[in-house]
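Enquirer: turn this into a structure:
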Amino acid sequence: MAHQQQQQRSKGAKVNDNVRELKVVLVGDKRVGKTAVIQQLVYERFLDCYTPTNFDTYGRQCEVGGWLVNFALWDTSDVVGRGPKRGSSSIRLKPDPKTCCISEA
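Expert: Have a look, this model is predicted:
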């Protein structure tokens, strides 16, 4: 039973038999194109001008591997030094078994 629950968690939150919900938080340095990537995914258009982002959310539904997936896309800014502690981020993420982090140092 625990193995089956873990498999279900790894596929995202189950809405019904064919739909999953996933949250994606895009983080990175300032002016690297985080918003442009999300705009391309959601609206299929490229932003050719720069407007600083504080925090925005977007939604997109698409089919992935036979599943309908509702993506909640979080677009973040590179806010360092403005959090409660100097050098901390303004967004706090709670650990979640469905979380996957891909990082390039």
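
Enquirer: okay, CA-based contacts and neighbour counts for the rest of this
Expert: OK.

Enquirer: any weak-confidence spans in this protein?
Expert: Across the chain, residues meeting the criterion (pLDDT under 70) sit at 1-15, 78-105.

Enquirer: can you rerun that using 80?
Expert: 1-17, 47, 78-105 (pLDDT under 80).

Enquirer: for it, which segments count as strands?
Expert: For the chain, strands defined by DSSP state E occupy the ranges 13-16, 19-26, 55-64, 67-76.

Enquirer: would you mind giving those strands as a markdown table with mean neighbour count added?
Expert: Compiled in a markdown table, these are given as follows (neighbours: other CA atoms under 10 Å):
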| stretch | mean neighbour count |
| --- | --- |
| strand 13-16 | 13 |
| strand 19-26 | 17 |
| strand 55-64 | 12 |
| strand 67-76 | 19 |
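
Enquirer: how about the ones you listed in a markdown table, adding distance to residue 47?
Expert: As requested, the strands of the chain are exported to a markdown table (distance: least, CA to CA, whole Å):
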| stretch | distance to residue 47 |
| --- | --- |
| strand 13-16 | 31 |
| strand 19-26 | 17 |
| strand 55-64 | 15 |
| strand 67-76 | 14 |
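
Enquirer: looking at the ones you listed, which is closest to residue 40?
Expert: strand 55-64 (11.2 Å; CA to CA).

Enquirer: okay, now the sheet partners of the closest one, with direction.
Expert: strand 67-76 (antiparallel) (DSSP bridges).

Enquirer: now the angle between strand 19-26 and the strand it pairs with, please.
Expert: Going by axes from the mean of the first three to the mean of the last three CA atoms, to 10 degrees, strand 67-76 is angled at 20 degrees with respect to strand 19-26.
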